[in-house]
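>>> Below is the sequence, then the predicted model.
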Amino acid sequence: MRRLISLVILVLLPAAFPVARQRVHADLILTGGTVVTMDAERRILAPGAVAIRGATIAAVGPADAVTAAWEADSVIDTSGQVVLPGLINTHGHAPMVLYRGLADDLALMEWLERYIFPAEAKTVSPAMVRTGTRLAALEMIRTGTTTFVDMYYFEEEVARAAREAGLRGVLGQTVIRFPVPDAPTPAAALERARRFLEAFAGDPLVTPAVAPHAAYTLDRDALVASRDLAAKHGAPLLIHLSETEDEVRMVREQTGQRPVAYLEALGLLGPRLLAAHAVWLDADEIALLRRHGVGVSHNPESNMKLASGVAPVPAMIEAGVAVGLGTDGAASNNDLDMFEAMRQAALLHKVHTRDPRVVPARTALAMATIDGARALGMADRIGSIEPGKLADLIVVDMTRPGQTPLYDPVSHLVYTTRGTDVRMTIVNGRVLMRDRQVLSLDETQVLREAREMASRVRAAVAAR
């Protein structure tokens, strides 16, 4: 009997006094803040926690549950802050930060032909592109962008600078009809694009792309060759589409078709295509974009500043088109702050439709995160905070007077937050900025080099 009692005690003891389960090891845990996941259920965890292991998100959940199951070398208290997916800037020209404020208050064609194209002809070089991209990267890290899309010249320099800074990029080598600093002909630009695709294939941060500038700046053969090159390498295609009424008119005069129908006839429409602007679309064109799975980048600030028009974003979203947000280049914006892009997108479409319910805060935030990832065909990897996805996150301070009181974090992120409220930026599990200190770039050096390059731009423009 005594032995039986002892055996019962031994069996029941672990149940009465469970042995503490060993916690799983992570590299970094963010805990105590409000986690805005942007997952399919749009969960908001307050307080929540995120565990990061290597380049990926290992766990997301209530703070007590995550910290009970996970331990880490670094545990950061994010109380009073919001943790959200890193912002995705779906259209821009990073080196053009060096032309910020060079020419303002002009229509697109005048701005391009009288100021930007001449300035580029005199000043664009590998060194200029490298310096401009480093400055843009510094601004993006500081304001919460973790992935950016780019179309420019010497794109290999953009890629190297982005990789050095630690940013994720979908980067397109530009193909355009007239001679430009890195290629005298479209054929030469396509050869550069081929080498670029091969050089950065499989890179963990850089997704190389082909960037035919627009339907009105390339002939049929160059557009088809761009399509074929991208298809051969399984690469994205980046293009400006229907940005202005003048563009639509020129394409019709040149081809007899509107831009969307023309690109469809050439076989460019498809899930690899990301169309920037898409301002002057009719209902049939929106249906074509949806049918072919084309992603769209909405650039409200650039479109307003250049008076290009108001893109039919509510109609595109209703039709099921994946619409992300972009800043465009800082020469036509004039900043790379995606929080500003969110706010302007929400406000612009309310006043344009005279309906305050259009593009609510949750839609604007989705455009800057998960819907931007959808537009890029990358929603399985980025755009939301979910286990298994890449660890691209930002932490936003909500304690300043302008953020107080806090009732709805999504409302605050869209209507109140500025890029300067970002406290931490993480890409691929690497902390690029902590407590507003950028760790991946020497800020003093980047600013010094940018000012030196700007003096050359000023001299070149004054001499024309």
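Noted; the coordinates are in hand.
>>> If you count neighbours, what's buried in stretch 76-83?
Within stretch 76-83, the residues scored as buried using 16 or more other C-beta atoms under 10 Å are Ile76, Thr78, Gln81, Val82, Val83. Quick note: C-beta positions are derived from backbone N, CA and C, even for glycine.
>>> And stretch 349-358, by the same measure?
So stretch 349-358, judged by 16+ other C-beta under 10 Å, has buried residues His349, Lys350, His352, Thr353, Val358.
>>> Same check on stretch 194-211?
The neighbour-count check on stretch 194-211 (16+ other C-beta under 10 Å) flags Phe196, Leu197, Phe200, Leu205, Val206, Thr207, Pro208, Ala209, Val210, Ala211 as buried.
>>> swap in stretch 257-264?
For stretch 257-264, by 16+ other C-beta under 10 Å, it's Arg258, Pro259, Val260, Ala261, Tyr262, Leu263, Glu264.
>>> Please export the C-alpha coordinates of it as PDB.
Extracted in PDB, the C-alpha atoms of stretch 257-264 (Å, rounded to 0.1, in the frame of the first residue of the first chain):
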ATOM      1  CA  GLN A 257      -5.000  53.400 -78.700                       C
ATOM      2  CA  ARG A 258      -5.100  54.600 -75.100                       C
ATOM      3  CA  PRO A 259      -2.100  53.500 -73.000                       C
ATOM      4  CA  VAL A 260      -3.700  50.600 -71.200                       C
ATOM      5  CA  ALA A 261      -5.100  49.000 -74.300                       C
ATOM      6  CA  TYR A 262      -1.800  49.600 -76.100                       C
ATOM      7  CA  LEU A 263       0.200  47.800 -73.400                       C
ATOM      8  CA  GLU A 264      -2.300  45.000 -73.400                       C
END
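>>> I figured Val206 hits Gly169, correct?
Yes. Counting by C-beta atoms under 8 Å, Val206 touches Gly169, with 5.5 Å between them.
>>> In helices, which of the buried residues of stretch 257-264 appear?
Secondary structure from DSSP state H places Pro259, Val260, Ala261, Tyr262, Leu263, Glu264 of the buried residues of stretch 257-264 in helices.
>>> want to throw the residues you listed into a markdown table with pLDDT and distance to Lys232?
Converted to a markdown table, these look like this (pLDDT from 0 to 100; distance: C-beta to C-beta, whole Å):
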| residue | pLDDT | distance to Lys232 |
| --- | --- | --- |
| Pro259 | 98 | 24 |
| Val260 | 98 | 24 |
| Ala261 | 98 | 25 |
| Tyr262 | 98 | 22 |
| Leu263 | 98 | 19 |
| Glu264 | 98 | 20 |
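>>> Can you check what pLDDT the model gives Arg258?
The pLDDT attached to Arg258 in the predicted structure is 98.
>>> Distance of it relative to Leu274?
Separation of Arg258 from Leu274 (C-beta to C-beta, to the nearest Å): 19 Å.
>>> What is the biggest strand by length in the chain packed up against?
Secondary structure assigned by DSSP state E gives strand 24-36 as the longest strand of the chain. For strand 24-36, the elements it packs on are strand 44-53, strand 56-62, helix 63-69, strand 70-77, strand 81-85, strand 393-397, helix 409-415, judged by 3 or more C-beta pairs under 8 Å, 6 or more residues apart in numbering; DSSP states H and E.
>>> Parallel or antiparallel, list what pairs with the first one.
Next to strand 44-53 in the sheet, as set by DSSP bridges, lie strand 24-36 (antiparallel), strand 56-62 (antiparallel).
>>> Highest mean neighbour count out of these?
Burial of the strands paired with strand 44-53 is given as mean neighbour count (mean count of other C-beta atoms under 10 Å); strand 24-36 ranks first at a mean of 22.
>>> tell me the mean pLDDT over that one?
Averaged across strand 24-36, pLDDT comes to 98.
>>> Could you point out the helix or strand that follows the helix or strand where Ala231 lies?
For Ala231, the host element (DSSP states H and E) is helix 220-233. Next helix or strand after helix 220-233 toward the C-terminus (DSSP H and E): strand 237-241.
>>> mind checking how far the helix holding Ala231 is from the chain centre?
24 Å (C-alpha atoms, centre = their mean, to the nearest Å).
>>> of the helices and strands packed on strand 24-36, which approaches Glu318 most closely?
Nearest to Glu318 among these is helix 409-415 (19.7 Å), distances taken as C-beta to C-beta.
>>> Relative to whichever helix or strand comes after the closest one, what are the paired strands and their orientations?
The first helix or strand that comes after helix 409-415 along the chain, using DSSP H and E, is strand 422-427. Using DSSP bridges, strand 422-427 pairs in its sheet with strand 393-397 (antiparallel), strand 430-434 (antiparallel).
>>> Near Asp284, how many other residues are there?
10 (other C-beta atoms under 10 Å).
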